[in-house]
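> sequence and predicted structure below; questions after.
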Number of protein chains: 2
Amino acid sequence: MSELRGACIIGQSGGPSAVINASAYGAIRTALDSPVITKVYGAAHGIKGVLDDVLYIMDEEDPAELELLKYTPSSALGSCRYKIADPDVDDTDYKRILEIFKKYDVRYFFYNGGNDSMDTCNKISKYMMKVGYECRIMGIPKTIDNDLFGTDHCPGFSSAAKYIATSIMEVYHDARVYDTGMVTIIECMGRHAGWLTAAAALASEMGAGPDLIYLPEVDFDMDKFLADVTSIYNKQGNCIVAVSEGIHYADGKFVSEAEVQATDGFGHAQLGGLAARLANIVKEKTGAKVRGIELSLLQRCAAHCASGNDIEESFMSGKAAVENAIAGITDKMVGFECDRTNGYVCKTKLFDLTSVANYEKKVPVEWINEEGNGLLKPFIDYAMPLIQGETGMKKENGLPRFAHLKKVVAK
Amino acid sequence: MSELRGACIIGQSGGPSAVINASAYGAIRTALDSPVITKVYGAAHGIKGVLDDVLYIMDEEDPAELELLKYTPSSALGSCRYKIADPDVDDTDYKRILEIFKKYDVRYFFYNGGNDSMDTCNKISKYMMKVGYECRIMGIPKTIDNDLFGTDHCPGFSSAAKYIATSIMEVYHDARVYDTGMVTIIECMGRHAGWLTAAAALASEMGAGPDLIYLPEVDFDMDKFLADVTSIYNKQGNCIVAVSEGIHYADGKFVSEAEVQATDGFGHAQLGGLAARLANIVKEKTGAKVRGIELSLLQRCAAHCASGNDIEESFMSGKAAVENAIAGITDKMVGFECDRTNGYVCKTKLFDLTSVANYEKKVPVEWINEEGNGLLKPFIDYAMPLIQGETGMKKENGLPRFAHLKKVVAK
């Protein structure tokens, strides 16, 4: 394939993570170092920055600040949740993107995000091919939800998993400190896939985790749940439960939204998050002291507790996207292929954007116990290697020193 | 003062912290190393373990496991919230404690806790003097609330403050990632004193903290709060707020419990925590996307983010309690005296138990801005040195390796 000279754009999209900036830095650094990439732009708020012609010139940034992106959570370039139209229905956005690509001689486009972002990336890629504009387009995966198809795991998941397991181990110690009983219900993110909640099982593996874990992969039964909790509480005087925000009844209704379906008279709608809601129900049922804890945004931005492996793999995925594009590859997402048979080896692997976009990968049911309230060894074997290693975060005044970008806008 | 040979008991009481075990370890290690202390007991669940005759023999523990207590959150010996009677009204408990002290030849008693625990410690100390039983009794302070009288600060506060500032810096980055606006309300612990919530100002000092901070030291005004938030949200498109769980109206009613007192028609009682409650009100008022985050137990058990200074000072306070008692001192609490004029120097200082018990130290109003919604430089100068240094926590499988105690019960 012939050498393609031109500028590149890197954009970030979807919900942020602790390491999406590490991926971006992998792409930015590699692009800056490449002789064929003439200029490196960061799109402000993902594809919206392209549509609005707001591009930051990465060449103008202080290299030391850029390097801090490895340890800076959230999307430093800004993110968006913009759903791009089907080009056969409305190609306005695509024409505009082409116009901007031509304006800045953009020949490389790297898009860093989850399912929806890979869909955007795929549509742009196919459009550029269709209109014959030579541009190499690569997806760089990111999602704490870990639900992208094909890849062994997604950058961002491992760090969130490490934070969840660590925090639950700490809560475990706190929640059993008194000689009076307590039930603790911890709510993790994950609307459709239970990967993050499953990470709580890593804490159990270390002897300080939940007694019960409920994922959206299994239909939720309130009576069964109350029986599970009561049984453990009665036996050991305390009980720790991890639940996914996306648990739902057999009819598909989210437990966080539906009328409570217990048979014992809790028929009233309740405000508050799922953890608070389940805590109230358990309290009424058992009379136990109950505490609901929602890990909320904390689990996706806790860079101070990021996985070292995740940081390095995220960087590697961004780097591989640029290297492969320069080598002539286009229309792919960089994912991971891992070997756990003899230690842990993670390599990048390319996936067709079409195959990735809009498919959701869930926790295999074979990895969930028969009772539907815990994880089995295959999950532990899968997830434990991912959370190894610590962050190299720089500190200033005992607090994180995050990247400060100048964000010089291209004219 | 003559040498006093005999056993010692160490007890932990009240809400746990990330470093209360570091204090306990300072006392246990020093007692184990002392030739005059014949046996070292840990009371199960504080004073209840004494009353119930459940004492763990610390001499039987593996020294390496004991050392891990420096990095293990919560109260390893177990805690209690047992309120001991006034001995002039009912001396049953005191007689029982004396009986246990005599049974095990206990001549040293170290009690590790907050306000109520210092009260317990004080009452036992005075009783033993009154009945003429020679026993040296020392309080070792602990409370994330930082509200103990006399001492510069309390072990446990600094680590919680570091966690709060770190987490809020991370949430700050996450909460402004989209180009659509958002209001984020973060609830910190502190029922009567606002120290923990004030720690959010350390994040602001680093350029990534709340725009507004509300403490219980200032009467809360819902209309003023809504005006504050709306003004900032309209100006910059987002707003981050830190609130103490203990904020209250001028009539003393907690905002988390009272009917909402805004003038614009929110008169209905709401379920859920304070953050969720304020989030709902702000959402109705501004139409903004709002997220409420309760830091909950996480802020008091986050040993992975503990302050190195806090760990060392906690150890030092436990050590000083034992050393002073062996030297003949009794009826005191070990506190800190700090010099910040030329760097930061922290030394232990003894306080009369009587003066400490049951007084609450609040954030000085001179440290709060005139608007009542932010902290001033004196608070930053006070708190910043406390959060310096990192934990030396050991890891196993990328997760915390906490202490495993055998807890051999004395017969």
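It's in.
> touching chain B at all, stretch A:143-152?
No: with CB under 8 Å from any CB of the partner chain as the measure, stretch A:143-152 is seen stopping short of chain B, the closest distance being 11.3 Å. All C-beta atoms are positioned from the backbone trio N, CA, C, and that covers glycine.
> report the separation between the two terminal residues of that stretch.
End-to-end distance for stretch A:143-152: 13 Å, by CA to CA, to the nearest Å.
> residues in contact with it: which ones?
Surrounding stretch A:143-152, the residues in contact under the criterion CB atoms under 8 Å, 6 or more residues apart in numbering or on different chains are A:14-15, A:17, A:113-115, A:118, A:141, A:153-154, A:156-157, A:159-160, A:189-193, A:195-196, A:299-300, A:333, A:335-338, A:346, A:349, A:351, A:355-356, A:359-362.
> any idea how far that stretch is from the chain center?
In this view, stretch A:143-152 has its centroid 8 Å away from the chain centroid, taken as CA atoms, centre = their mean, to the nearest Å.
> rounded mean pLDDT for that stretch, please.
Confidence over stretch A:143-152, taken as the mean pLDDT, stands at 94.
> related to what we said a few turns ago, which of the contacts of stretch A:143-152 are close to chain B?
Of the residues in the contacts of stretch A:143-152, proximity to chain B by CB under 8 Å from any CB holds for A:Arg300.
> which ones among the contacts of stretch A:143-152 map onto strands?
A:Gly113, A:Pro141, A:Met333, A:Gly335, A:Phe336, A:Glu337, A:Cys338, A:Cys346, A:Lys349, A:Phe351 (DSSP state E).
> give me the neighbour count for the third one.
Pointing back at A:Met333 there. Here the count is done by other CB atoms under 10 Å in any protein chain shown, and A:Met333 has 29 residues near it.
> assign the nearest residue to it once chain neighbours are set aside to helix, strand or coil.
In space, and not counting its chain neighbours, A:Met333 is closest to A:Gly139: 3.5 Å by CB to CB, 6 or more residues apart in numbering or on different chains. Following DSSP: H, G, I helix; E, B strand; the rest coil, we place A:Gly139 in the strand state.
> then the one 4 residues further on?
Under the three-state scheme (three-state DSSP), the conformation of A:Thr143 reads as coil.
> would you map the helices across chain A?
A:20-33, A:47-51, A:63-67, A:92-103, A:115-131, A:157-175, A:195-198, A:200-205, A:222-236, A:274-286, A:298-301, A:308-326, A:353-356, A:377-383 (DSSP state H).
> shaky segments in the stretch 151-300 of chain A?
Low-confidence segments of the stretch 151-300 of chain A, defined by pLDDT under 70, span residues A:258-272.
> rewinding a little: looking at the helices of chain A, which is closest to A:Pro73?
helix A:298-301 (4.2 Å; CB to CB).
> from the chain's centroid, how far away is the closest one?
Computed by CA atoms, centre = their mean, the separation of helix A:298-301 from the middle of its chain amounts to 10 Å.
> quick one on the thing from earlier: spit out the contact partners of the residue nearest to A:Met333.
Neighbouring residues of A:Gly139 by CB under 8 Å, 6+ apart: A:110-113, A:117-118, A:121-122, A:321, A:332-334, A:353, A:356.
> up against chain B, what does the stretch 51-200 of chain A have?
Applying the criterion CB under 8 Å from any CB, the portion of the stretch 51-200 of chain A that neighbours chain B consists of A:72-75, A:78-81, A:162, A:165-167, A:169-171, A:173-175, A:177-179, A:184.
> of the contacts of A:Gly139, closest to A:Glu313?
The shortest distance between A:Glu313 and any of these, using CB to CB, involves A:Val334 and amounts to 10.3 Å.
> in PyMOL, how would I select the buried members of the residues of the stretch 51-200 of chain A next to chain B?
Selecting just the buried residues from these in PyMOL takes one command, with 16 or more other CB atoms under 10 Å in any protein chain shown as the test:
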select buried, chain A and resi 72+73+74+75+78+79+80+81+162+165+166+167+169+170+171+173+174+175+177+178+179+184
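> so what's the residue nearest the centre of chain A closest to, chain neighbours aside?
Centroid-nearest residue in chain A: A:Ile144, 1.7 Å away (criterion: CA atoms, centre = their mean). The shortest distance from A:Ile144 to any residue other than its chain neighbours is 4.1 Å, reached at A:Ala160 (CB to CB, 6+ apart).
> could you check how far that neighbour is from A:Ile387?
For A:Ala160, the distance to A:Ile387 equals 10 Å [CB to CB, to the nearest Å].
> those two: which has the busier surroundings?
When neighbours are counted by other CB under 10 Å, A:Ala160 and A:Ile387 differ, and A:Ala160 comes out ahead with 34 against 27.
> quick one: that one from A:Ala403, how far?
The value you get for A:Ala160 to A:Ala403, if CB to CB is used, is 20 Å.
> for A:Ala410, same thing?
Relative to A:Ala403, A:Ala410 is positioned 19 Å away (criterion: CB to CB).
> span of stretch A:355-375 from start to end?
Taking CA to CA, the first and last residues of stretch A:355-375 lie 28 Å apart.
> just the buried residues out of the contacts of stretch A:143-152, in ChimeraX syntax.
Only the buried members of the contacts of stretch A:143-152 enter the following ChimeraX selection, criterion being 16+ other CB under 10 Å:
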select /A:14,15,17,113,114,115,118,141,153,154,156,157,159,160,189,190,193,195,196,299,300,333,335,336,338,346,349,351,356,361
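> where does the stretch 1-150 of chain A get nearest to chain B, residue-wise?
Going by CB to the nearest CB, chain B is nearest to A:Ser74 of the stretch 1-150 of chain A, at 3.7 Å.
> so what's that residue up against?
Under the criterion of CB under 8 Å, 6+ apart, the contact list for A:Ser74 reads A:Pro16, A:Ser17, A:Ile20, A:Asn21, A:Cys301, B:Glu170, B:His173, B:Asp174, B:Arg176, B:Val177.
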